[in-house]
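Engineer: Generate coordinates for the sequence data below:
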Amino acid sequence: MSRRGRAVAFAIVALGCAGLAAIVAQGYGTSVAAQYGELRSVLVASRDLVRGDAIDPDDLGRSLDVRRVPSSFVPPDALAAVGDAVGRAPVAAVPAGSYLLESQLEVPQRAKPESEPAIADGLRPVEIAVSGAEALAATGGSPEGTRVDIVVTTEPDVGDDGRTFVAAESVELLALSQGGGVAGGGESLSTEPGWSATLALTRDQALRLIEAENFARQVRLMPHL
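Structural biologist: Numbering: from 1, shown residues only. From the prediction side, this is the model:
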């Protein structure tokens, strides 16, 4: 047989072997499918997953892998795609090579914002401009939550030099910041730096202090002893 004839014969034999292999493989795949079920996509951990670490789309190929396995081997709540797990975190460590299950994941809880100071029934937060709050701020600690007295100095009137009195006693200071303007609305305004104070007041206290803020010479905060 010539060289060309041998090449043609070899090609025919190779094609025959390939066809036979395809028939055998198809028969084997059909047999496996008949025994164990059709192939299904499942999400598998390609490395150990840490508890509490949320899964993002970039984890596919880095931490997660999609594989096709017979359906009889797949747990009922197995996830099929990374999109099913994005934004969720394992409730416990997941070893590498394990199926990723619906029951293994949860949505991480967001940190709750710090709650505002509680106000007793019958009180309301009222912001007023005050002066003389330096003594409260000079302690080094936060004055919020402490008890203060509000002292009002009125403007002089005809035959009256004005007076100073405690307008509200032992009220809770909710917040204090500098730059709230100068307290008092009379002509002889204090030149001390202004402060803004938020206080927990009753309705009557709030009305009295708002009036004092507009018309008194000075509204001053003092630590309650």
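
Engineer: I'd guessed Leu123 sits against Asp204; true?
Structural biologist: No. The pair Leu123 / Asp204 is not scored as a contact, 11.3 Å apart, by C-beta atoms under 8 Å. C-beta: built from backbone N, CA, C; applies to glycine.

Engineer: Looking at those two, which is more packed in?
Structural biologist: When neighbours are counted by other C-beta atoms under 10 Å, Leu123 and Asp204 differ, and Leu123 comes out ahead with 18 against 9.

Engineer: Can you tell me, leaving aside adjacent residues, what's nearest to Glu38?
Structural biologist: Nearest residue to Glu38, sequence neighbours excluded (C-beta to C-beta, 6 or more residues apart in numbering): Ser71, at 5.5 Å.

Engineer: backbone phi and psi for the one you found, please?
Structural biologist: phi -60, psi -30 (degrees, to the nearest 10).

Engineer: what's near enough to touch Ala175?
Structural biologist: The neighbours of Ala175, taking C-beta atoms under 8 Å, 6 or more residues apart in numbering as the test, are Glu127, Glu144, Ser196, Ala197, Thr198.

Engineer: please redo it, this time with the cut-off set to 7 Å
Structural biologist: For Ala175, the contact set (C-beta atoms under 7 Å, 6 or more residues apart in numbering) comprises Glu144, Thr198.

Engineer: For it, give the beta-bridge partners.
Structural biologist: Under the criterion DSSP bridges, Ala175 forms beta bridges with Thr198.

Engineer: re the thing from before, any idea how many residues pack against the residue nearest to Glu38?
Structural biologist: Around Ser71 there are 14 residues (other C-beta under 10 Å).
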